[in-house]
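> Model the structure of this input:
(chains A and B)
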Number of protein chains: 2
Amino acid sequence: MSLEGILPFARTLLDQSVNNGGVAVDATAGNGHDTAYLANLVGETGRVFSFDVQQQAIDATKQKLLDHSLNERVQLINDGHEKAADYIREAGFDGIDTAVFNLGYLPGSDKTIVTKPHSTITAVEQLFQLLRPGGMIVLVVYHGHEEGKNEKQSLETYVQSFDQSQASVLEYKYVNQKNHPPFIWVIEKRK
Amino acid sequence: MSLEGILPFARTLLDQSVNNGGVAVDATAGNGHDTAYLANLVGETGRVFSFDVQQQAIDATKQKLLDHSLNERVQLINDGHEKAADYIREAGFDGIDTAVFNLGYLPGSDKTIVTKPHSTITAVEQLFQLLRPGGMIVLVVYHGHEEGKNEKQSLETYVQSFDQSQASVLEYKYVNQKNHPPFIWVIEKRK
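The predicted structure is shown next:
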């Protein structure tokens, strides 16, 4: 048995957070990998809300879902994730089991289009209100790009400020790797 | 399912590292909790080497082991863990599966007697040489005492310097808790 890498650990957290029939959020659809993963976890009776500001990402995710016949359980939204909670409430849902953010830029795309600390924090703040007790928000932080360092610092101050009576915030990070590998912050809402 | 706290996660790592018949090291016997835990994991055919510089810790650990009939599989050594590798080799062993360090002071004892960065680093360095591929060294870092901050900084520089082709070093830390709670560094030797 070995230590889990960053991406396997993110998947383990999602596995633990959401079951069949659950409600999940992919705050950064990107190439659709996490959206498809969550769509499998929630099953036919569950729902995934998947957001991206780039039409290219929405198109790629849509194709991926169609290829795997997962499209009916996913609502794809070409808008900023800072409005995620509004869309979810408008769809008639008052709670979520998990949300995942891949923070940085869309791989294979324009590296100047990156997630921004302000909208990320707004999104996390609002999604945390919707999160069921015991649910988790998983932030996978890619900070190797130019603005990554600033985003990381802003988010660090934010996640450290969570009231420990409301949530546990865990950092899971490999500290001896070169080239700024991604790491994870998990925000688990207390029961 | 919830995120694992620091001490449960440390136990999970030990569970993953050592099996029946294995060889384990408790570098800081303290009150004997980890020594007894490891003695159960290695079973009757395994061996635990347990070190502490304080006679009080050795006595407490010895009593705990006797109470649970675990004493025959444990070698208790009242000496600094920087000499651990020598004792293990002298006992005829050329490899270990895991080692655990609780860094700080012995709970309920003299808080001026604390682990020191130099001897800790020497111990980790030497035990890493004995560690089998896939084995883990688990450092539970208590840094709330006066010298804790310096110890943490010295060790941080050290663990970050591990060659990533030789080992993965994971940091597992809750970042929104008050009063300097302990956190974990795990050094996993590559296979």
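> tell me what the helix-or-strand element of chain A with minimal mean pLDDT is packed against?
Ranked by mean pLDDT, DSSP states H and E, the weakest helix or strand in chain A is helix A:148-160, scoring a mean of 90. Other helices and strands packing on helix A:148-160, by 3 or more Cβ pairs under 8 Å, 6 or more residues apart in numbering or on different chains; DSSP states H and E, are helix A:117-130, strand A:131-141, strand A:183-189. C-beta coordinates here come from the backbone N, C-alpha and C atoms, glycine included.
> Out of the ones you listed, which gets nearest to chain B?
Of all the helices and strands packed on helix A:148-160, strand A:183-189 sits nearest to chain B, with 5.1 Å by Cβ to the nearest Cβ.
> Touching, A:Gly32 and A:Leu65? I think so.
Yes: applying Cβ atoms under 8 Å as the test, A:Gly32 and A:Leu65 come out as touching, 6.7 Å apart.
> With neighbour numbers in mind, choose between those two.
Taking other Cβ atoms under 10 Å in any protein chain shown, A:Gly32 and A:Leu65 do not tie; A:Gly32 has more neighbours (26 against 22).
> so A:Ile58 sits in a strand?
No: remark: A:Ile58 does not belong to a strand; assigned using DSSP: H, G, I helix; E, B strand; the rest coil, it is helix.
> Pull the contacting residues for it.
A:Ala29, A:Asp52, A:Leu76, A:Ile77, A:Asn78 (Cβ atoms under 8 Å, 6 or more residues apart in numbering or on different chains).
> gap between the two ends of stretch A:62-77?
Counting by Cα to Cα, to the nearest Å, you get 10 Å between the two ends of stretch A:62-77.
> swap in stretch A:62-73?
Distance between the two ends of stretch A:62-73: 12 Å, counting by Cα to Cα.
> what residues does it touch?
By Cβ under 8 Å, 6+ apart, stretch A:62-73 touches A:31-33, A:35-36, A:39-40, A:42-44, A:46-48, A:74, A:76.
> give me that answer again for 10 Å
Contacts with stretch A:62-73, where a contact means Cβ atoms under 10 Å, 6 or more residues apart in numbering or on different chains, come from A:24, A:29, A:31-33, A:35-40, A:42-48, A:50, A:61, A:74, A:76.
> Okay, buried residues for it please.
A:Lys62, A:Lys64, A:Leu65, A:Leu70, A:Asn71, A:Arg73 (16 or more other Cβ atoms under 10 Å in any protein chain shown).
> what do you get for stretch A:92-101?
Buried residues in stretch A:92-101 (16+ other Cβ under 10 Å): A:Ile96, A:Asp97, A:Thr98, A:Ala99, A:Val100, A:Phe101.
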